[in-house]
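Participant: generate coordinates for the sequence data below:
(2 chains, ligands or ions: 2)
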Amino acid sequence: MADITHANQANRARNADENPIRRFFRATEIDTRLLGMVGALVIIWLGFQFLTGGLFLTPRNLWNLTVQTSSVAVMATGMVLIIVTRNIDLSVGSVLGFCGMIMGVMQAKILPQYLGLEHPAIWIITLTSGVLVGAAIGALQGSIIAFLNVPAFIVTLGGLLVWRGATWFVTSGQTVAPMNSTFRLMGGGTEGSIGATASWIVGIVACVAIVGAILNSRKQRKRFGFPLRPVWAEYFLSVLGCVLVLGAVAIANAYFWPINIARRYADANGIAWPEGGLQISHGIAIPVLIAIAVGIVMTFIATRLRFGRYVFALGGNPEAAELAGIKTRWVTVKIFMLMGVLCAIAAAISTARLNAATNAQGELDELYTIAAAVIGGTSLAGGVGTIAGAMIGALVMQSLQSGMVLLGIDSPFQRIVVGVVLVVAVWLDTVYRARAK
Amino acid sequence: MSDQRTPLVEMKNISISFGGIHAVDNASIDLHPGEVVALLGHNGAGKSTLIKILSGAYRRDAGEILINGEPAEINNPRDAKKYGIETIYQTLAVADNVDAAANLYLGRELRTPWGTLDDVAMEAKAREVMGRLNPNFQRFKEPVKALSGGQRQSVAIARAILFDARILIMDEPTAALGPQETAQVGELIKQLKKEGIGIFLISHDIHDVFDLADRVSVMKNGQVVGHARTEDVTKDEVLGMIILGKCPPKAIPGPGAMQTA
Ligand SMILES: Nc1ncnc2c1ncn2[C@@H]1O[C@H](COP(=O)(O)OP(=O)(O)O)[C@@H](O)[C@H]1O
Ligand SMILES: [Mg+2]
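Facilitator: Ligands and ions are numbered 1, 2, ... in the order given. This is a model prediction of the structure:
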């Protein structure tokens, strides 16, 4: 007991000579790195808003931005775990292409023969087969890395060529189109969005979940008599979380259907065309929902499950993990399997959005995915990285690209900018880490 | 040895080589419950390698390990832990980027009924154990990498004693510690000894361990020079064993003892 009071006094003493800003961050336990990235994102957004004369921060552009980000964001969550364990996966773009082609052929050529076109089960069978193929590819590459000790860089560099070549062989290079109409919902668009009411429901459920999680964590810490966050900090975090969620929903709902689609919809459903036009909200796009769900599941895996703990322990010190009795090889195989599954999900989003499976699908995505993870604070030295950071990193990359498109910048110059930003971001991160020590 | 009970651990005629270097050559050591055996020798004598065979980090080329008189199958660190063998490695082997509680439970995490990590329960237990070892320790939320050498050491020790070890291996446990922390580790060793735990205490420095040990085993160039009860030998005699490989009269010579004509 004496120790505890002593320690509390020490803590209080330490808190007292901190400035208010530091005290604020300590109390709220906000990750300052993550906050810095959000800050960078805001600066990029405001910059483009200014340069484009107000074209950037519109509901339409933000909505499109999130849809365009979702495929790379999904893969970036897996790339975090790979890079955390000091590996790399250069094959994700090609695996995406291969899984996409398999799913394209599945839904457009194979399944209709047995089930008929537009059978309701087609999309789920298609997606399942894609995910299985992705997992199998990941298991194969992971096993070669873990059990045959071939470096991940080489195995996945080989994979980059192999799976791109294999994609060609599935249809001898032909593009497969169109996709099944239910499957296509995964790509977003007017149809592939959940509308205003459902979006508000999703938003409110998310708010309840945020508050519930904060209350639960407080209850748990109380149960063991651990130091608690100050009550104001808990309120602050709850309110902040809810405002962000509901704000995002409001923006998604402020983007209305294009006028010709709305008119066709009105005609089809016998709705009289109102004076100012029919305003139907898109709401949250399904690919964005998928990406968010993937982000939540991956965060859960990374922070709440034993597997995630092993991933980070392994990345920080492989020898210690091995000596602690962790089956490090199996952990590696599982990480690559997970990556394969995520590639398949990303492939579903991207083929659905394009309404076609092509040979070139996912080309260069490996670079964007790795860049997203690294910009998002994943350390190439291993052991450090967050799922949320990587997803924000993906958003940063996509924001840069969309903004430059809006500004009419040529694509070669876009690449130059993205490349420079990647290097600068990692340099800044190195500086940050050196100072944090 | 006057002791007639079955030893807790017997390592018999253990050999291992790395690419032609005989790191350990036909070495035999044993340990009884509640006993502290100091394993001494110069750097490079093969001490760490020998005990890494016991803890499952290396696989022996030859020899036999008996636990409570029964042959034991130890092929990896998990097997060793099943026999109640816990190890504090010379390199510490802590996972730098997770916090103290995660380190204590690494590989044996507590889980909730839903299969998720029970971090609060682990932190509670970590606070209890660390409180016993190092009452000033408060940095439970930080990755171990941010801790001082002594604090990291106490994490490694807490990790070893958390799971009711019967056999504890401490490889140079006080190498990174100041005098006060070294004394604390000494106290801990006495306490664990009282609880009936057998301890291998490894050091290259006789002064660290002479007062704590019941027996010393000395290694030189991968071979065992000899064993002796600490009451039967002087520090100088043990130094002679370490430096010259010369066995004093009351010690039991091993294969590495200097042949006296
Ligand atoms: N993994 C290994 N690979 C190659 N040689 C090793 C390895 N581990 C130990 N050795 C060699 O074995 C010998 C004994 O080392 P070690 O057991 O660490 O000695 P000690 O702990 O007594 O200082 C040294 O010559 C060392 O270089
Ligand atoms: Mg050693």
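Participant: going by C-alpha atoms from here, please, whenever you check contacts or count neighbours.
Facilitator: Will do.
Participant: okay, the closest residue to ligand 1 within the stretch 51-200 of chain A: pLDDT?
Facilitator: Here the residue of the stretch 51-200 of chain A nearest ligand 1 is A:N149; by C-alpha to the nearest ligand atom that distance is 17.1 Å. Looking at A:N149, its pLDDT reads 96.
Participant: tell me the spacing between the nearest residue to B:D232 once chain neighbours are set aside and B:E237.
Facilitator: Using C-alpha to C-alpha, 6 or more residues apart in numbering or on different chains and skipping residues adjacent in sequence, the residue nearest B:D232 is B:K250, 6.2 Å away. Here the criterion is C-alpha to C-alpha, to the nearest Å. By it, B:K250 lies 10 Å from B:E237.
Participant: tell me, what residue is most central in chain B?
Facilitator: B:I169 (1.7 Å; C-alpha atoms, centre = their mean).
Participant: got a list of contacts for the helix or strand that that one is a member of?
Facilitator: Using DSSP states H and E, B:I169 sits within strand B:167-171. Residues from elsewhere that reach strand B:167-171 (C-alpha atoms under 8 Å, 6 or more residues apart in numbering or on different chains): B:8, B:48, B:51, B:84-90, B:160, B:197-203.
Participant: against ligand 1, how distant is the residue of chain A found nearest chain B?
Facilitator: As assessed by C-alpha to the nearest C-alpha, chain B sits closest to A:A320 within chain A, at 4.3 Å. Going from A:A320 to ligand 1 by C-alpha to the nearest ligand atom, to the nearest Å gives 14 Å.
Participant: for the residue nearest to that residue when sequence neighbours are not counted, what are its contacts?
Facilitator: Spatially, and ignoring its direct neighbours in sequence, A:A320 is nearest to B:A93 (4.3 Å; C-alpha to C-alpha, 6+ apart). Contact analysis of B:A93 by C-alpha under 8 Å, 6+ apart lists A:N317, A:E319, A:A320, A:A321, A:L323, B:A156.
Participant: need these in CSV with neighbour count, secondary structure and pLDDT, can you?
Facilitator: Shown next, in CSV, are the contacts of B:A93 (neighbours: other C-alpha atoms under 10 Å in any protein chain shown; DSSP: H, G, I helix; E, B strand; the rest coil; pLDDT from 0 to 100):
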residue, neighbour count, secondary structure, pLDDT
A:N317, 18, coil, 91
A:E319, 18, helix, 92
A:A320, 21, helix, 93
A:A321, 24, helix, 94
A:L323, 23, helix, 93
B:A156, 23, helix, 90
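Participant: could I get those residues as a markdown table with distance to A:G142?
Facilitator: Shown next, in a markdown table, are these (distance: C-alpha to C-alpha, whole Å):
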| residue | distance to A:G142 |
| --- | --- |
| A:N317 | 19 |
| A:E319 | 19 |
| A:A320 | 21 |
| A:A321 | 18 |
| A:L323 | 21 |
| B:A156 | 31 |
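Participant: check which element follows the helix or strand where A:P112 lies along the chain.
Facilitator: Secondary structure assignment for A:P112, by DSSP H and E: helix A:111-115. Counting by DSSP H and E, the next helix or strand C-terminal to helix A:111-115 is helix A:122-147.
Participant: tell me which strands and helices that next one is in contact with?
Facilitator: helix A:92-105, helix A:111-115, helix A:152-171, helix A:181-184, helix A:328-354 (3 or more C-alpha pairs under 8 Å, 6 or more residues apart in numbering or on different chains; DSSP states H and E).
Participant: so what's the residue count around B:F18?
Facilitator: Look at B:F18: counted by other C-alpha atoms under 10 Å in any protein chain shown, it has 9 neighbours.
Participant: if it is in a bridge, with which residues?
Facilitator: Beta bridges link B:F18 to B:I21, judged by DSSP bridges.
Participant: how far is the helix or strand bottoming out on mean pLDDT in chain B from where the chain is centred?
Facilitator: Within chain B, no helix or strand scores below helix B:206-209, which has a mean of 84 by mean pLDDT, DSSP states H and E. Once both centres are worked out by C-alpha atoms, centre = their mean, to the nearest Å, helix B:206-209 turns out to sit 14 Å from its chain's centre.
Participant: C-terminal to that helix, what's the next element?
Facilitator: Per DSSP H and E, the first helix or strand lying C-terminal to helix B:206-209 is strand B:215-220.
Participant: quick one: the helix or strand sitting right after that following strand along the chain to strand B:215-220, angle?
Facilitator: Downstream of strand B:215-220, the first helix or strand assigned by DSSP H and E is strand B:223-229. Going by axes from the mean of the first three to the mean of the last three C-alpha atoms, to 10 degrees, strand B:223-229 is angled at 160 degrees with respect to strand B:215-220.
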